[in-house]
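Engineer: Fold the following and give me the result.
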Amino acid sequence: MSSERKKSFLSKKMHLETEILSSNREGTARAAQILNAGGLVAFPTETVYGLGADCTNPAAIEKIYKAKGRPAHNPLIIHVYDAKEASKFVQMVPKATKLADSFWPGPLTLVLEQKTNLKIEIAERALSKLSTVAVRVPTHPIAREILSLCKSPIAAPSANMSGKLSTTRFEDVLECLSGKVNAIVDGGPCPIGVESTIVKVENGNVFILRPGKITLKDIKTLIGEVKKIDRANNKDITSPGQLSSHYCPETPIRLNVLEPRGNELLLAFGPLPVGVKGLSLSEISDPDEAAMNLYSALADLDHLAKITKSNSIGINPIPESGIGSAIIDRLRRAATKS
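Structural biologist: Numbering: from 1, shown residues only. So this is what the prediction gives:
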């Protein structure tokens, strides 16, 4: 997309023009300028598109919650350029440092206690009254370029309406947030396709709060013992990504479907059976390809369901190994209506 692409989209509801920015230096510089001025910018990361705002600006943080319709008790992930910047506001204890050294930049979010002698003051609203901060260092070049140009770290939840499908394509971000944000950076599709792994380090213990590309096995190999928190028995929200109902398409979904029923659409893992309406996450049953296509395929099937008047989307079983555990986590929560 050319650097001259400056189309604006206007929402009658919110009366906000949304600039469409290219992924070149001009576009990232403009994105940083808007963020530094207290605006909202959606931009790609390696996981999903994020909706960014200056984490030190309470008014900007409030705009995120308003644009997404996000519950007040759900905190935000703070994005920084490197671990040195993170150490200005969180306690980089030894196990956290070891994780950061191995997986940053990358799709890992660390939940850590705030420092007492803060060098960066994060807006209280972004933390939902918690004493901990969720922080990560993205690896996507566009996200990193924007962060390098911003005066403060950037709070950035997924660029979608709260509880709905995350976005991994520019066109999906545009559809759900046009008129609600100041700008969207067109960075093409996100290469991983599911949100970051979330790990909490507390009192020398390591807890995995949400699975992602970096697996439980990866973390255990590095750290040793890792504890999993059972959301079914723990209703407290201690970090982003903990809502039991999340990532939901408009059309109800059914899990572990081998054959669709009635006019049901099928999301296949492997080749789509002949004569069946639907899409395949991966024709070759590759979990990484399936993760990359997960949200875009669900968005496309959601649109198709409206056209075909299908009542549900059936989803093939997904193997739980590797990134498959993250796919299953997202699908289970998408199947849970709040």
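Engineer: And Leu243, how far from Lys200?
Structural biologist: For Leu243, the distance to Lys200 equals 16 Å [C-beta to C-beta, to the nearest Å]. From N, CA and C alone the C-beta is placed, and that goes for glycine too.
Engineer: Need the pLDDT of Leu16.
Structural biologist: At Leu16, the predicted lDDT confidence score is 82.
Engineer: what's the answer for Leu118, then?
Structural biologist: Reported pLDDT for Leu118: 81.
Engineer: ok, now Ile237?
Structural biologist: We note a pLDDT of 78 for Ile237 in this prediction.
Engineer: wait, isn't it in contact with His73?
Structural biologist: Yes: look at Ile237 against His73 with C-beta atoms under 8 Å: they come within range, at 5.3 Å.
Engineer: More neighbours: these two, which one.
Structural biologist: Ile237 (16 against 12; other C-beta atoms under 10 Å).
Engineer: Let me see the ranges of the helices in the stretch 201-338 of the chain.
Structural biologist: 216-223, 287-308, 324-334 (DSSP state H, counting those that start in this stretch).
Engineer: From what I see, Asn293 and Asp286 are in contact.
Structural biologist: No: counting by C-beta under 8 Å, Asn293 stays clear of Asp286, with 9.8 Å between them.
Engineer: sorry, back to before: residues in contact with both of Ile237 and His73, list them for me.
Structural biologist: Here Ile237 and His73 have Ser128 as joint contacts, going by C-beta atoms under 8 Å, 6 or more residues apart in numbering.
Engineer: Any stretches of the stretch 101-250 of the chain with poor pLDDT?
Structural biologist: Counting by pLDDT under 70, the low-confidence segments of the stretch 101-250 of the chain come to 230-235.
Engineer: List the contacts of Leu40.
Structural biologist: Leu40 neighbours (C-beta under 8 Å, 6+ apart): 34, 51-53, 60, 63-64, 67, 180-183.
Engineer: try it again with 6 Å
Structural biologist: By C-beta atoms under 6 Å, 6 or more residues apart in numbering, Leu40 lies in contact with 53, 63, 181-182.
Engineer: CSV for the residues you listed, including neighbour count?
Structural biologist: Shown next, in CSV, are the contacts of Leu40 (neighbours: other C-beta atoms under 10 Å):
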residue, neighbour count
Ala53, 30
Lys63, 20
Val181, 30
Asn182, 22
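Engineer: Where does His73 sit: helix, strand or coil?
Structural biologist: coil (DSSP: H, G, I helix; E, B strand; the rest coil).
Engineer: So Leu243 and Lys200 - more neighbours on which side?
Structural biologist: Lys200 (21 against 18).
Engineer: residues of stretch 130-150 that come out buried?
Structural biologist: Across stretch 130-150, burial judged by 16 or more other C-beta atoms under 10 Å covers 130, 132-140, 142-147, 149-150.
Engineer: Could you report the separation of Ala126 from Ile120?
Structural biologist: On the measure of C-beta to C-beta, Ala126 and Ile120 end up 12 Å apart.
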